[in-house]
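Asker: Output the structure for:
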Amino acid sequence: MTTTTTTRLDTEIRLLYTCEGMFKLPAALVIRQLVEWEDARLPDRLPPVPEWVEFNWPASGGVNLDDYRRAKDRAQGRGWMEPYL
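Answerer: As a prediction, this is how the structure comes out:
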């Protein structure tokens with residue numbers, strides 16, 4: 001793991017080591033996590049925005065997904081034999 005620390009990270013590490021010396025709290029785990037976060041790179045681009053789907057609640061008040069599942073199975077070339085559990 002090659003780490004190029006920033007001034008901010010250097011300052012945080014110095015403070016953690018100072019706290020370790022004063023209060024006898026181990027700083028290694030926190031420092032390791034900070035370095036890991038520093039090494040993590042942001043993605044090249046953001047994921048695409050999900051497609052917006054309009055939905056109108058049926059007048060009956062109930063939702064029956066059987067027709068949707070039958071159509072999906074037909075599109076994939078499978079026969080629709082029985083209800084999904």
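Asker: Can you classify Val53 as helix, strand or coil?
Answerer: Classification of Val53 using DSSP: H, G, I helix; E, B strand; the rest coil returns coil.
Asker: Please determine how far it is located from Lys24.
Answerer: Taking CB to CB, to the nearest Å as the measure, Val53 falls 56 Å from Lys24. No exception for glycine: its C-beta is placed from N, CA and C like everyone else's.
Asker: how many other residues sit next to Arg8?
Answerer: Under the neighbour criterion other CB atoms under 10 Å, Arg8 is assigned a count of 10.
Asker: Give the helix, strand or coil label for it.
Answerer: Arg8 ends up helix, using three-state DSSP.
Asker: so where does Cys19 fall, helix or strand?
Answerer: Using DSSP states H and E, Cys19 sits within helix 7-23.
Asker: And the residue nearest the centre of the chain, how far from Val35?
Answerer: Nearest to the mean C-alpha position of the chain, by CA atoms, centre = their mean, lies Pro47 at 11.5 Å. Distance of Pro47 to Val35, computed by CB to CB: 26 Å.
Asker: Show me the contact partners of the helix holding Cys19.
Answerer: 5, 25-27, 30-31, 34-35, 38 (CB atoms under 8 Å, 6 or more residues apart in numbering).
Asker: Any chance of a ChimeraX selection covering the buried ones in the residues you listed?
Answerer: Under the burial definition 16 or more other CB atoms under 10 Å, those of the contacts of helix 7-23 that qualify are selected in ChimeraX by:
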select :27,31,34,35
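Asker: Now tell me which of the contacts of helix 7-23 the prediction trusts least.
Answerer: Least confident of these in the model: Thr5, at 64.
Asker: quick one, helices of this protein?
Answerer: 7-23, 28-39, 66-75 (DSSP state H).
Asker: burial measure for Leu42, as a count.
Answerer: For Leu42, using other CB under 10 Å, the count is 6.
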